[in-house]
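S.K.: Starting from these lines, generate the structure:
(one chain, ligands or ions: 2)
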Amino acid sequence: DLEASEQEGREYIIHLDKMAGIRKNKASLAEWAYTSNITEENEVKRIQVQLELSKQEKQAWEETKMYRWQDFQDFSLRRMFKKYSQLGVSALPDEKYKLLMQCVSGMESNYATSKICDYKNATKCDLALEPDITEIFAKSQDPEELKHAWLEWHNTAGSRARNNFTQYVELDNEAAKLNGFKDVAEWWQSEYEVPDFEQQLAKLWEDVKPLYQQLHAYVRKRLRDKYGENIVSAKGPIPAHLLGNMWAQTWNNIESFTRPYPDKKEIDITKAMKDQNYTPLKMFQMSDEFFRSLNLTAMPEKFWNNSIIEKPTDREIVCHASAWDFYDGEDFRIKQCSTVDYEYFQTTHHEMGHIQYFLQYKHQPVVFRDGANPGFHEAVGDTIALSVSSPKHLRRVGLVSGDAEDEQTEINQLYKMGIDKIVFLPFAYTLDLFRYGVFRGTTSADDYNCHYWRLRDALQGVEPPVPRSKDDFDAAAKYHVSADVEYARYYVSFIIQFQFHRALCQLAGEYVPEDLTKKLVDCDIYQSVNAGNALSNMLKMGSSKPWPDAMEALTGQRAMRADGLLEYFRPLHEWLQAENQRTGEFIGWEPSKIQYC
Ligand SMILES: C=C(C[SeH])C(=O)N1CCC[C@H]1C(=O)O
Ligand SMILES: [Zn+2]
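M.R.: Ligands and ions are numbered 1, 2, ... in the order given. Got it, this is the predicted structure:
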């Protein structure tokens, strides 16, 4: 009868979950071995382990079909079965599964090992993305040098991934259909458990677009002042290679020569870190200390022993920062090629946020050891970093000296945060709008580059530095496209982290609406056990409940909304409107004149 099968179901799923933990531990170890030492041998081993595990997953999946779990009374039990009833890419027949793993592995190792030649010395061709090319984009203000680096990287890391990518799309779509989805786009969106996810993304963009257009216009004016109107037009998109980042996804490297009040003392965190002999380890220790100050969990022993926090000199690794759960409740690691600078200080908090989430939900069944939705996992570390990057906190830890804020310094601070957080949104939105079109078949392989740039032109107001053709494949020059990592999670994160930040600041007594001595931009939740306990309660839930329940537990809201972000940046929005009015800068942009289709 129903009762017996529910009880049997409970015993079965607990056993299955335990086996799943052992499988995921093996998979993570094989993945780690490969991405921390990219060799043919380790790639073969990784794919072998993945194939073997996929067979076991298929076996377990068959068994779950014997239970009428949809009728079970227990919510959590039903939710566990529902998640285990989704087999994922393991639903592919072995040969196709192996082929798919080889395509993704091929793209990822191409990305990780791509090198370009130096602009000035054409015989020096060992420049890697990290740290070499990243440093060029951080420091160079020579449009020709930046154009060279941009082009070399896009032609090496991007175009060479095109064949693997086309096959990956076909195979991944086949896997999606075997899981009951129309295509991978629907599969990816199902992770957010709301029927109108894509409409919600569009609504958020409508809410933030006016602010972005004002910031875009202001920056274009400042760049035209610097580089001249032959390089930066008055009404067109901004050339993507002039924004301090290979993908123009954050513009913090052009802050020094574009900030609103240049005569105000520059807050150069990177310089202060170097002057104070910061090391990568110190960045991690400071981040760990911040989390502990909130009464959250300290990094375990294994974390410090097993993590890779600097680029090794004796082998190739995947440098793109990542945080790892080995699903045994003890082994948690970060792998990143740290450099001592503000950007990696932020990234360190971002990755430590993932580890903290792993630690907070490690008591959950394996199947619930996940973010409430993928965006939640990306938002934890960034939310903490919003406090860490406040002038108040930077003064507390001695990275900024001098007196409290005045109006102009506050605008400079909001500008610094805005060219990181506001400009990121259209970039993130574009990346997955592009891939939704690819998976749906509305974008064919011949259209890849044209559609990618048409979206970047329309939404982000950037254009390629030189004409592009349909044989180029610029999208894959971004890690997540070459590594099959969904990107809407970051778009969601950059919205909800301001909802989290606002709620935590109120709990910490650091933010009181309408109280000018307790402004959101000045909030630092450091050492607030009250805020930390609320955050912990939300993190402990993992993915055991639909994400609106987790969102409500922390913020009282049940939806993702742009109001937190817009409230945080309101003073900057008003300043930009006045400034663009004063200079008469054209708001928005006309379509690019660069030939990219
Ligand atoms: C740091 C990570 C690893 Se989850 C990352 O990929 N991020 C963090 C911010 C956006 C995105 C990117 O670098 O494109
Ligand atoms: Zn992340």
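S.K.: which SSE is E43 in?
M.R.: helix 40-64 (DSSP states H and E).
S.K.: what's downstream of that helix, the next helix or strand?
M.R.: Read in the C-terminal direction, the helix or strand following helix 40-64 is helix 75-84, with elements assigned using DSSP H and E.
S.K.: from what I can see P280 touches S338, true?
M.R.: Yes - with contact defined as CB atoms under 8 Å, P280 reaches S338; the gap is 3.7 Å. (Each C-beta comes from the backbone N, C-alpha and C, glycine too.)
S.K.: any shared contact partners between those two?
M.R.: Both P280 and S338 are in contact with 309-310, 344, 348, where contact means CB atoms under 8 Å, 6 or more residues apart in numbering.
S.K.: Just want to know which of P280 and S338 has more residues nearby.
M.R.: It is S338, of P280 and S338, that has more neighbours when counted by other CB atoms under 10 Å, with 24 against 18.
S.K.: and that one, that's in a strand?
M.R.: No - counting by DSSP: H, G, I helix; E, B strand; the rest coil, S338 is located in no strand; its state is coil.
S.K.: Would you tell me which residues of the stretch 301-450 of the chain are close to ligand 1?
M.R.: 321-322, 347, 350 (CB under 6 Å from any ligand atom).
S.K.: what residues are up against the residue of the stretch 401-550 of the chain found nearest ligand 1?
M.R.: Among residues of the stretch 401-550 of the chain, the one nearest ligand 1 by CB to the nearest ligand atom turns out to be Y490. It sits 4.5 Å away. If a contact means CB under 8 Å, 6+ apart, then Y490 has 375, 378, 424, 428 as its contacts.
S.K.: what two of these are the furthest from one another?
M.R.: G375 and F424 (13.0 Å; CB to CB).
S.K.: so V49 makes contact with W32?
M.R.: No - in this structure, V49 is not within contact of W32 by CB under 8 Å, at 11.2 Å.
S.K.: Around ligand 1, which positions in the stretch 451-597 of the chain sit nearby?
M.R.: With CB under 6 Å from any ligand atom as the criterion, the stretch 451-597 of the chain comes near ligand 1 at residues Y490.
S.K.: just the helices in the stretch 451-597 of the chain please.
M.R.: Using DSSP state H, counting those that start in this stretch, the helices assigned to the stretch 451-597 of the chain run over residues 479-482, 488-507, 529-539, 547-555, 563-583.
S.K.: for the longest helix anywhere in the chain, what is the average pLDDT?
M.R.: Secondary structure assigned by DSSP state H gives helix 2-35 as the longest helix of the chain. Taken as a whole, helix 2-35 carries a mean pLDDT of 93.
S.K.: That helix and ligand 1 in contact?
M.R.: No - using CB under 6 Å from any ligand atom, helix 2-35 stays clear of ligand 1, with a minimum separation of 12.6 Å.
S.K.: packing partners for that helix?
M.R.: helix 40-64, helix 75-84, helix 94-113, strand 322-325, strand 332-335 (3 or more CB pairs under 8 Å, 6 or more residues apart in numbering; DSSP states H and E).
S.K.: redo that, cut-off 7 Å
M.R.: For helix 2-35, the packing partners by 3 or more CB pairs under 7 Å, 6 or more residues apart in numbering; DSSP states H and E come out as helix 40-64, helix 75-84.
S.K.: now it, how far from the chain's geometric center?
M.R.: Taking CA atoms, centre = their mean, to the nearest Å, the mean C-alpha location of helix 2-35 is offset from the chain mean by 27 Å.
S.K.: in that helix, what's buried?
M.R.: Along helix 2-35, these residues count as buried under the neighbour rule (16 or more other CB atoms under 10 Å): 5-6, 9-10, 12-13, 16-17, 20-21, 23-35.
S.K.: Report the angle between it and helix 94-113.
M.R.: For the pair helix 2-35 and helix 94-113, the angle between their directions (axes from the mean of the first three to the mean of the last three CA atoms, to 10 degrees) equals 40 degrees.
S.K.: In this structure S76 contacts S544, no?
M.R.: Yes - taking contact to mean CB atoms under 7 Å, the distance of 6.4 Å between S76 and S544 places them in contact.
S.K.: Just confirm K58 contacts S90, I think it does.
M.R.: Yes - K58 is within contact range of S90, at 5.6 Å (criterion: CB under 7 Å).
S.K.: okay, and for this structure, where does confidence drop off?
M.R.: Under the criterion pLDDT under 70, the flagged ranges of the chain are 1-4, 403-405.
S.K.: Quick test: name the residue nearest the centre of it.
M.R.: The structure's the chain has its C-alpha centroid closest to Y490; by CA atoms, centre = their mean the separation is 4.4 Å.
S.K.: what's the closest non-adjacent residue to whatever residue of the stretch 201-350 of the chain ends up closest to ligand 1?
M.R.: Minimum separation of the stretch 201-350 of the chain from ligand 1 (CB to the nearest ligand atom) falls at A321, amounting to 4.2 Å. Using CB to CB, 6 or more residues apart in numbering and skipping residues adjacent in sequence, the residue nearest A321 is Q336, 3.8 Å away.
S.K.: Show the backbone phi and psi for that neighbour.
M.R.: Backbone torsions of Q336, given as degrees, to the nearest 10, read phi -160, psi 150.
S.K.: Next: M560.
M.R.: Here the main-chain torsion angles of M560 (degrees, to the nearest 10) amount to phi -90, psi 130.
S.K.: measure it to D420 for me?
M.R.: Separation of M560 from D420 (CB to CB, to the nearest Å): 19 Å.
S.K.: Then V481?
M.R.: Distance from V481 to D420, counting by CB to CB: 21 Å.
S.K.: So which of these two has more stuff around it?
M.R.: Using other CB under 10 Å as the criterion, V481 and D420 rank with V481 on top: 26 against 21.
S.K.: Please list all residues in contact with the closest residue to the more buried one other than its chain neighbours.
M.R.: The shortest distance from V481 to any non-neighbouring residue, by CB to CB, 6+ apart, is to A475 (4.8 Å). Residues in contact with A475, defined by CB atoms under 7 Å, 6 or more residues apart in numbering, are 158, 434, 448, 452, 481.
S.K.: ok, and the most crowded of those residues?
M.R.: The most neighbours of any of the contacts of A475, using other CB under 10 Å, belong to Y452, which has 29 neighbours.
S.K.: from memory it sits against D474, does it?
M.R.: Yes - in this structure Y452 lies within contact range of D474 using CB under 7 Å: 5.9 Å.
S.K.: tilt between the longest helix of the chain and helix 40-64?
M.R.: For the pair helix 2-35 and helix 40-64, the angle between their directions (the same axes, to 10 degrees) equals 170 degrees.
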